[in-house]
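Student: Build me a model:
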Amino acid sequence: MASKTENDKPVKTDSAVDAGDDVKLNEQLTPRQIVKELDTYIVGQHNAKRAVAIALRNRWRRQQVPEELRDEIAPKNIIMIGPTGVGKTEIARRLARLSGAPFLKVEASKFTEVGYVGRDVESMIRDLAELAISMAKAEEMEYVREKAADFAEEKVLDMLLPPPVKKETPPTELHVEGDGVVVVEEDPQTLMESYKRTREKMRKLMRDGKYDETEVEINVPDRSGSPMVEVFSGGMEDMEINLKDMFGNFFPKKTKSRKVTVAEALEILESEEAGKLVDMDTVVNTALDRVEQSGIIFLDEVDKVAGGENGHGGPDVSREGVQRDLLPIIEGSNVSTKYGMISTDHILFIAAGAFNVSKPSDLIPELQGRFPIRVELQSLTAADFVRILTEPRNALIKQYLALMETEGLKLNFEKEAIAEIAEIADEVNKNTENIGARRLHTVMERLLDEVSFVAPEMKEKKVEITVEYVREHLGEIVKDQDLSRYIL
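Tutor: Predicted coordinates for the structure are as follows:
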């Protein structure tokens, strides 16, 4: 919500952070504090956390240096090397959320797909710009939410109690009282005062929820049909043609009448009014500045576009072509979007890959040079799985406890049972495909399959998850490798 100052000017709260606030936010986040925050969600991988923490802090440092030197300081892009499921994506995603930066994850391998035409590497910058626009618009809408709520409330009150119609000549009424006749004329001012009092009473009742279920009729945009057709739906990003943007003003916006409750009407109208109050020029300027100064692109599966020593010329040529397409974007260039030109000079790129077939040195030298920082993430052990199940703020066991509590069911995991779950997940990873911490999801889902199914009908609302319970439900699957490959 927006709060007011003495001058009655709205002030943005923490929920609406603009580009200038990003600098203040990062000033408070030292590398040590960033690592500490990441520790609340991700177990281990200290070297990777240190690397991204320094990269984020360097962004704030760059803003403090003299302007003539500021543009010369390039971001220190990072390559994360490690098997799947060890936390590469989560580290980048949490870092972006921590700093409030626009964040996009893109898989490098999609640029090498057979038959994938027209989707060039510049599209990821356009996608990042769209995300930033959405973020900035949502924050601006939150900023004007209070004023929009007031407008919506007035509109609904007009529906419930329409203003009195002004008449040229007030009607005269005769009332016989006792022996005399009293002439009463309707005074427009008296009528208006009475209307205002009634309106205020209705306002209070509406705020108390007394009219929540009352139905009113409002006009909403009709999205069932549109004269415009998305001709350029894909594969032609370079043309930057959006027919709706070009011709939208030539076609009247269609609306339809819809009956809704007062509660729904307030929500719909508030969103509509907030959209009208948002200054899109400010939104676009803020968003583009965020993309250029604090945008983060997570380039996953970059090892899939590395050359390697497979001896197949065709695919290698294609992969090298993708690398050369990526190079100017990562090196720093201007990309055309429908919102204007975006410079990629200071966007932080975090690349990641397992590199179990190829090596980082298989990337073309020019691209290697744009990723000066390399960190290796370690494979997870059974001990790490125990910590992942219990320590993070969003730990898997905490999630299942909360899910079952919605059914009034209380789960209790013994320490030995948690250790057994971790051992089983680790063993399955060794015997089948190693998918890291993602294995815990499959193991936990299998373990609690029966409980999740019968929870609503259970009379006993407490379930103890013991070592015996874990072995009973998962023992056979672990013993039979063929079955575990199928189920887990």
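
Student: contacts, neighbours, all on C-alpha from now
Tutor: Noted.

Student: Next up, the contacts around the nearest residue to Met444 once chain neighbours are set aside.
Tutor: Excluding the flanking residues, the one nearest Met444 by Cα to Cα, 6 or more residues apart in numbering is Ile421, at 7.8 Å. Ile421 is in contact with 443-444, 470, counting by Cα atoms under 8 Å, 6 or more residues apart in numbering.

Student: Low-confidence stretches in the chain?
Tutor: The chain contains residues with pLDDT under 70 at 1-27, 112-119, 165-188, 222-253, 307-317, 479-488.

Student: Show me it divided up by domain.
Tutor: Using automatic domain parsing, the domain parsing of the chain gives 3-139+283-376, 145-163+171-277, 382-480.

Student: Report the buried residues of stretch 324-335.
Tutor: For stretch 324-335, the buried set under the neighbour-count rule, 16 or more other Cα atoms under 10 Å, comprises 326-331, 335.

Student: can you give me how far stretch 43-54 is from the chain middle?
Tutor: Offset of stretch 43-54 from its chain centre (Cα atoms, centre = their mean, to the nearest Å): 23 Å.

Student: swap that for stretch 352-367, please
Tutor: Offset of stretch 352-367 from its chain centre (Cα atoms, centre = their mean): 30 Å.

Student: Could you check which helix or strand contains the closest residue in space to Met80 that isn't next to it in sequence?
Tutor: Of all residues not flanking Met80 in the chain, Ala352 sits nearest, at 4.6 Å (Cα to Cα, 6+ apart). If you go by DSSP states H and E, Ala352 is part of strand 348-353.

Student: Output the contacting helices and strands for the next helix or strand after that strand.
Tutor: On the C-terminal side of strand 348-353, the closest following helix or strand by DSSP H and E is helix 365-369. Counting contacts by 3 or more Cα pairs under 8 Å, 6 or more residues apart in numbering; DSSP states H and E, helix 365-369 packs against helix 313-331.

Student: Mind checking what helix or strand follows the helix it packs on in sequence?
Tutor: Following helix 313-331 in sequence order, the next helix or strand is strand 334-337 (DSSP H and E).

Student: Can you tell me what sits against that following strand?
Tutor: Strand 334-337 is contacted by residues 122, 125-126, 240, 341-344 when judged by Cα under 8 Å, 6+ apart.

Student: among those residues, which ones are buried?
Tutor: Looks like the contacts of strand 334-337 have 122, 125-126, 342-344 buried, using 16+ other Cα under 10 Å.

Student: What about these, which are in helices?
Tutor: 125-126 (DSSP state H).

Student: Ser257: which of the buried ones among the contacts of strand 334-337 is nearest?
Tutor: Closest to Ser257 out of the buried ones among the contacts of strand 334-337 is Arg126 (36.3 Å), distances taken as Cα to Cα.

Student: Provide the partner residues of Leu411 in its beta bridges.
Tutor: Beta-bridge pairing for Leu411 (DSSP bridges): Val463.

Student: was I right about it contacting Glu460?
Tutor: No. Proximity of Leu411 to Glu460 does not meet the contact threshold set by Cα atoms under 8 Å, at 11.2 Å.

Student: In terms of neighbours, single out the busier of these two.
Tutor: The neighbour count for Leu411 versus Glu460, taken as other Cα atoms under 10 Å, is higher for Leu411 (19 against 10).

Student: how close does that one sit to Glu153?
Tutor: Noted for Leu411: a distance of 45 Å to Glu153, by Cα to Cα, to the nearest Å.

Student: Which of the contacts of Ile421 are buried? Put it as a ChimeraX command.
Tutor: Selecting only the buried entries of the contacts of Ile421 in ChimeraX, with 16+ other Cα under 10 Å as the criterion:
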select :443,444,470
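
Student: hmm, back to that, now tabulate the contacts of strand 334-337 in JSON lines and tack on distance to Glu273.
Tutor: JSON lines is the format used below for the contacts of strand 334-337 (distance: Cα to Cα, whole Å):
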{"residue": "Glu122", "distance to Glu273": "35"}
{"residue": "Ile125", "distance to Glu273": "31"}
{"residue": "Arg126", "distance to Glu273": "28"}
{"residue": "Glu240", "distance to Glu273": "30"}
{"residue": "Met341", "distance to Glu273": "30"}
{"residue": "Ile342", "distance to Glu273": "30"}
{"residue": "Ser343", "distance to Glu273": "33"}
{"residue": "Thr344", "distance to Glu273": "35"}
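
Student: quick one: which of the residues you listed sit in strands?
Tutor: Among the contacts of strand 334-337, the residues falling in strands (DSSP state E) are 341-343.

Student: So Leu396 is in contact with Phe385, correct?
Tutor: No. Using Cα under 8 Å, Leu396 is not in contact with Phe385, being 10.3 Å away.

Student: okay, the two: which has more neighbours?
Tutor: Shown here are Leu396 and Phe385; by other Cα under 10 Å, Phe385 has more neighbours (23 against 16).

Student: Mean neighbour count, the domains of the chain: which tops it?
Tutor: Comparing the domains of the chain by mean neighbour count (mean count of other Cα atoms under 10 Å), domain 3-139+283-376 ranks first with a mean of 18.

Student: can you map out the helices along the stretch 1-150 of the chain?
Tutor: For the stretch 1-150 of the chain, the helices defined by DSSP state H, counting those that start in this stretch occupy 19-28, 31-39, 46-64, 67-70, 88-99, 123-143, 145-160.

Student: Contacts only, for Leu389.
Tutor: Per Cα under 8 Å, 6+ apart, neighbours of Leu389: 395-397, 418.

Student: what do you get for Arg32?
Tutor: Neighbour list for Arg32: 50, 53 [criterion: Cα under 8 Å, 6+ apart].

Student: just use 351 as the starting number from now, easier for me
Tutor: Shifting the count to begin at 351 puts that one at Arg382.

Student: Would you list the phi and psi of Lys560?
Tutor: Phi and psi for Lys560, reported as degrees, to the nearest 10, are phi -70, psi -20.

Student: To clarify, my last question referred to Ile815.
Tutor: Backbone torsions for Ile815, taken as degrees, to the nearest 10, come to phi -100, psi 100.

Student: How much space separates it from Val736?
Tutor: Distance, Ile815 to Val736, by Cα to Cα: 15 Å.

Student: Nearest residue to Ala656 in space, ignoring adjacent ones along the chain?
Tutor: Using Cα to Cα, 6+ apart, the nearest residue to Ala656 is Leu713, at 4.9 Å.

Student: same check, this time on Tyr689
Tutor: Spatially, and ignoring its direct neighbours in sequence, Tyr689 is nearest to Val634 (7.1 Å; Cα to Cα, 6+ apart).

Student: Same question for Glu651.
Tutor: Nearest non-adjacent residue to Glu651 (Cα to Cα, 6+ apart): Gly703, at 4.7 Å.

Student: isn't the one you found right up against Asp653?
Tutor: Yes. Gly703 lies in contact with Asp653 (Cα under 8 Å); the separation is 5.1 Å.

Student: and the closest residue to Phe705 other than its chain neighbours, what does it touch?
Tutor: Closest residue to Phe705 apart from its sequence neighbours, by Cα to Cα, 6+ apart: Asp653 at 5.4 Å. Neighbour list for Asp653: 702-705, 708-710 [criterion: Cα under 8 Å, 6+ apart].
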